[in-house]
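Colleague: quick one: sequence and predicted model below, then my questions.
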Amino acid sequence: MASFIERMCLYLVLVLSVFLSITQAVDRSNFKTCDQSAFCSRQRAMKPGQSSYTALLETLELSDSHLTVQLLNNNNKVLLLLELYRLQGNMTRVKINELKPIKPRYEVPDVLITDPPTELMSVVAQDEHRVVLSLGGEDWRLILSAQPFRLDIMEGPQVLLSLNSRGLLAFEQLRIRKDTISHKISSTVGSMWDKIKSVFSSKSQTDTEEAGEKEDTEKHDKEKVSEREEEEAEEEVDQPGMWEETFKTHADTKPNGPSSISLDFSLPGVEHVYGIPEHADGLRLKNTDGGDPYRLYNLDVFQYELFNPMALYGAVPVLLSHNTHRTMGLFWLNAAETWVDVSSGQGSSEVPQTDVRWISESGIIDVFIMLGPRPNDVFTQYASLTGTQAFPPLSSLAYHQCRWNYNDQEDVSAVDQGFDEHDIPYDFIWLDIEHTDGKRYFTWDNNKFPQPKDMLQGLLDKRRKMVTIVDPHIKVDSSYKIHTEIRSRGYYIKNKDGGDYEGWCWPGNAGYPDFTNPEMRKWWASMFAYDQYEGSMENLYTWNDMNEPSVFNGPEVTMHKDALHGPWEHRDIHNLYGFYVQMATAEGQIQRSGGLERPFVLTRAFFAGSQRYGAVWTGDNAAEWGHLKMSIPMCLSLGLVGISFCGADVGGFFKTPSAELLVRWYQAGAYQPFFRAHAHLDTPRREPWLFGPDNTALIREAVRQRYTLLPYWYLQFYHAQRTGQPVMRPLWVEYPEDIATFSIDDEFLIGRDLLVHPVTDERSSGVTAYLPGNGEVWYDVHTFQRHDGAQNLSIPVTMSSIPVFQRGGSIICRKNRVRRSSSCMENDPYTLYVALDSQGNAEGELYIDDGHTFKHKTDKQFIHRRLSFTANSLSSSDLSPDSQFPTASWVEQVNILGAQKPDAVTLTTDGGESSVEFEFDPDTAVLTLRKPGVNAGVNWTLHLR
């Protein structure tokens, strides 16, 4: 009987998967709108006006680290506690919680890398209406207004940001349900106490006690006022959805009742805001008036719609504002379901203004205001809170080949050999869920993959690697070690009744480990040890999918909100789940190597701080031109909020791309941080050589361009893990005063120095690229043609065209000897591309380490060089004299763009001076210096005479 049930379960999952594969678009009825979300509709029904909250300035307390003051809700008399912190690095933190909640409210742990250091906050002025606080410097002020409660951050006379200026602060206090026994008991006891006090207060008093009687009476009157206020709070009318809510067939019990929060922020002078991924929408956030707010709630949404604010796989509650004068950021630290309203228009003085309102289902208000003022300052501020992008292994920046699924070891070997036969490099081949024994993760199908170590060794011999999928839903099977261990240790999430929560996913009936539990994460990490994950080797890495978490038979294809993680409901932690899964997996990869090797983990679900643990991708896209276009703003948005290692499934996951679309997607993907082709089980095979020799050649060229630029990509990720700057960035980040860049999301910068405008339209014969920078110059990287900045450049394109430009004033290092994998290129020589600016100068950097360990950090084993061209001399100097690393790589060639022909070229090193061969092309103004032959890690200078 059990085996029959299991077969039926697997059959149902198969039917569901086939249904998903043939569905033409997302079924929006599976996912809530704001009107269908009780807390969102309640909060959104509250309209702007005078706030019901008053700051009780007589309760203000100021310490060395922060200020506290109580806030009174004048409608229900509930008291909140406001905490204000001035943080190092030009940031302000605002926390609001109930003063005396009946039970603790959830505060997000583990996302902040440390308790943010504070700076002294002092009172500059105070009266009964407001308090003025110094935020450092003469002009920086925070004004706390009492009635109604409001915060304004000022620079001189200018308001930079206002909090609760539209009066939309709302805080649903935790309460006892009126029709419960505990409520009736407390009400009865309260009534009895009233009668007792009444009896004692009516006793006659002696003349000598009259004064005391008067004092007691006044005290009693105050108590009665307080009691009436409490009764008023108790008498709030319950609205539908406060204590239980049903969506389709799913019931959500709410034992804690309503607990949602809301707060508005006004940004005078701001018309452009960005961030709050993940949404399949343009880079600039749109006005949500009259439509749904942007939703942040990690969900498994297959073949998602474009230009839609609905939730997708990840949620990063960080919003950036930008104008020509200032960039600022808001970080709303809350892991519950969240909706964000954006309203742009004109303020009271006809100055442009954007209003942003955050609404979350539970938790507290904990918001970090990052005051910039420059874009890079905001990135640094946010990185100081949540950390920087993990420094990936160099090979993970190369090309990845994936589909659902490569069938068996022979298939893997044939695909691997196909890349060699067609002279296309790749570094990683991926295995999806079918490689496992019946969707039991950490296992292999013994029939299809009987010798996984032999397979991995074959890849290792070619210096290649593999990724296998390990999802966080665990097949309920008493013979499956992973399941029995988790169950025996009590590590599964619980349902509302205290039993193990179970739902449907790829294996059929599955349990869901509680990754919020540090002991569970520790155990999970231990499963990646080579003696635990049988068949694994050092060149096997991990893909965490379905970790929103995805529950096929759950509400909105995810977990019931009343499931339990210890004392907390799933509604409190939902958006953190994928964050914790990737955290534990990355830690497992580090531990298996004894802490030596850097991990590589791809995740679909993410939250603020996920950048510390690896890469993300944009999920189940489709083979459509619109999805190719959308990959750009989706990854740009992620980069703005710290997650630089982003990419989209090249070719589209669902449906079948035309040869033209596939080629264009390879050309775009080759210039995005995470470069992986992936396809659905039911799509025809689409390895790069299956579309005819002409298209194979075009794809080969795109992939080879990626490999030549790996030194530059690696340098950008080195900077990202040091500073938090995005690798793939919008133009306005580098040109913050150029209004023309503010809404551009069909082109982008890689670092500062490469501008890319992929061809994303079908049958395109040309594109128009905006080249920013008044007085700057840009060079076409293919033709070396020079173009002035601050212009829209019309570019004719053919199928081989990938419009890419190098900024004048930069030096970029490439490795032009492309081999079958990046590791095979380790000791190959460099070619330097020196693009001169209008003054004839240029500078750049070169970073080298072993590409895969933490020795750059633990032992300072790396090379970091500064390259500078000025006064007709190109020099290499050491940027990190206290580090060292041996390299066999050398400088093979130098191409100077925008040059003049010299009479002679000489090389100066510690070994003396020698002449260098050169060639000058007057048509392109390119000077080529051949074989300087100098080691890439030493000091040298090339002189043009």
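Modeller: Sure, I can see it.

Colleague: you'd agree Thr928 is in a helix?
Modeller: No. Assessed with DSSP: H, G, I helix; E, B strand; the rest coil, Thr928 is strand; it does not lie in a helix.

Colleague: list the contacts for it?
Modeller: 893-896, 918-921 (Cβ atoms under 8 Å, 6 or more residues apart in numbering). Every C-beta, even on glycine, is put in place using the N, C-alpha and C of the backbone.

Colleague: the residues you listed in strands, which ones?
Modeller: Residues of these located in strands (DSSP state E): 893-896, 918-921.

Colleague: who wins for neighbours among the residues you listed?
Modeller: Ranked by the number of neighbours (other Cβ atoms under 10 Å), the ones in strands among the contacts of Thr928 place Ile896 first, at 28 neighbours.

Colleague: so that one sits right up against Val926, yeah?
Modeller: Yes. Between Ile896 and Val926 there is a contact under Cβ atoms under 8 Å: 6.9 Å.

Colleague: can you pull the phi/psi pair for Tyr666?
Modeller: Main-chain torsions, Tyr666, degrees, to the nearest 10: phi -60, psi -40.

Colleague: isn't it up against Ala702?
Modeller: Yes. Tyr666 is in contact with Ala702 according to Cβ under 8 Å; the separation is 4.4 Å.

Colleague: between the two, which contacts overlap?
Modeller: With Cβ under 8 Å, 6+ apart, Tyr666 and Ala702 have no common neighbours.

Colleague: ok, back up a step: which of the contacts of Thr928 sits closest to Met242?
Modeller: Ranked by distance to Met242 (Cβ to Cβ), these are led by Asn895 at 68.1 Å.

Colleague: and the closest one, what does it touch?
Modeller: 784, 831-834, 926-929.

Colleague: flag the shaky bits of the protein, pLDDT-wise.
Modeller: Residue ranges of the chain with pLDDT under 70: 1-24, 180-235, 347-349.

Colleague: distance of the spatially most central residue of it from Arg612?
Modeller: Note on the chain: the residue nearest the mean C-alpha position is Ile643, at 4.3 Å, using Cα atoms, centre = their mean. Ile643 is 10 Å from Arg612, where distance means Cβ to Cβ, to the nearest Å.

Colleague: shared neighbours, the two?
Modeller: Gln389.

Colleague: how near is Ser165 to Met799?
Modeller: Distance from Ser165 to Met799, by Cβ to Cβ: 53 Å.

Colleague: ditto for Asp471
Modeller: 38 Å.

Colleague: tell me which of those two has more neighbours.
Modeller: Neighbours around Asp471 and Met799, counted as other Cβ under 10 Å, are more numerous at Asp471. The numbers are 22 against 15.

Colleague: name the nearest residue to that one, sequence neighbours excluded.
Modeller: Met546 (4.6 Å; Cβ to Cβ, 6 or more residues apart in numbering).

Colleague: is it correct that Val894 is in contact with Ser875?
Modeller: No. Val894 lies out of contact with Ser875 (Cβ under 8 Å); the separation is 11.7 Å.

Colleague: need the residues touching each of those two.
Modeller: Here Val894 and Ser875 have Leu942 as joint contacts, going by Cβ under 8 Å, 6+ apart.

Colleague: now do the contacts for the spatially closest residue to Val601 that is not a sequence neighbour.
Modeller: What sits nearest to Val601 in space, not counting adjacent residues and going by Cβ to Cβ, 6+ apart, is Gly614, at 3.8 Å. Applying Cβ under 8 Å, 6+ apart to Gly614 gives the contacts 390, 392, 582, 586, 599-603, 645.

Colleague: gap between Gly614 and Trp543?
Modeller: For Gly614, the distance to Trp543 - Cβ to Cβ - is 10 Å.

Colleague: who touches both of these two?
Modeller: 601-602.

Colleague: Thr906: helix or strand, and which one exactly?
Modeller: Using DSSP states H and E, Thr906 sits within strand 905-909.

Colleague: ok, residues contacting that strand?
Modeller: So strand 905-909 is contacted by 913-918, 929, 932, 934, 938-945 (Cβ under 8 Å, 6+ apart).

Colleague: what do you get if the cut-off is 6 Å, keeping everything else the same?
Modeller: Strand 905-909 is contacted by residues 913-916, 918, 929, 932, 934, 940-944 when judged by Cβ atoms under 6 Å, 6 or more residues apart in numbering.

Colleague: what do you get for stretch 414-427?
Modeller: With Cβ under 6 Å, 6+ apart, stretch 414-427 has contacts from 395, 398-399, 401, 464, 687-689, 696, 700, 703, 707, 818, 820-822.

Colleague: cool, stretch 33-47 as well?
Modeller: With Cβ under 6 Å, 6+ apart as the test, stretch 33-47 has contacts from 170, 241, 245, 260, 262, 292-293, 339, 359, 361.

Colleague: you'd agree Glu410 is in a helix?
Modeller: Yes. With three-state DSSP as the criterion, Glu410 is part of a helix.

Colleague: now it: how far from Val641?
Modeller: Computed as Cβ to Cβ, the Glu410 to Val641 distance reads 43 Å.

Colleague: looking at those two now, which is surrounded by more residues?
Modeller: Between Glu410 and Val641, Val641 has the larger neighbour count (other Cβ under 10 Å), namely 28 against 11.

Colleague: what's near enough to touch that one?
Modeller: Val641 makes contacts with 275, 316, 318, as judged by Cβ under 6 Å, 6+ apart.

Colleague: hmm, Leu640 and the first one touching each other?
Modeller: Meaning Gly275. Yes. Applying Cβ atoms under 6 Å as the test, Gly275 and Leu640 come out as touching, 5.4 Å apart.

Colleague: those two: which has the busier surroundings?
Modeller: Shown here are Gly275 and Leu640; by other Cβ under 10 Å, Leu640 has more neighbours (29 against 22).

Colleague: what separation do you get for that one and Thr618?
Modeller: 15 Å.

Colleague: what sits against the spatially closest residue to Pro309 that is not a sequence neighbour?
Modeller: In space, and not counting its chain neighbours, Pro309 is closest to Tyr294: 4.3 Å by Cβ to Cβ, 6+ apart. The neighbourhood of Tyr294, defined by Cβ under 6 Å, 6+ apart, consists of 276, 309, 340.

Colleague: name the SS class of the last one, please.
Modeller: Here Val340 is strand, with the state taken from three-state DSSP.

Colleague: how far away is His678 from His852?
Modeller: Taking Cβ to Cβ as the measure, His678 falls 24 Å from His852.

Colleague: quick one, which of these two is more surrounded?
Modeller: Remark: of His678 and His852, His678 carries more neighbours, 23 against 18, as counted by other Cβ under 10 Å.

Colleague: any chance of the backbone angles for Asn73?
Modeller: Here is the backbone geometry of Asn73 (degrees, to the nearest 10): phi -80, psi 110.

Colleague: so what's it bridging to?
Modeller: Tyr53 (DSSP bridges).

Colleague: can you give me the neighbour number for it?
Modeller: Neighbours of Asn73 using other Cβ under 10 Å come to 19.

Colleague: same thing with Arg177?
Modeller: Arg177: 15 surrounding residues under other Cβ under 10 Å.

Colleague: hang on, it in a helix?
Modeller: No. Looking at Arg177 with three-state DSSP, it is coil, so not inside a helix.

Colleague: which residues does it contact?
Modeller: Trp243.

Colleague: for it, grab phi and psi.
Modeller: The phi/psi pair for Arg177 (degrees, to the nearest 10) is phi -60, psi 140.

Colleague: from Pro117, how far off is it?
Modeller: In terms of Cβ to Cβ, Arg177 sits 42 Å off from Pro117.
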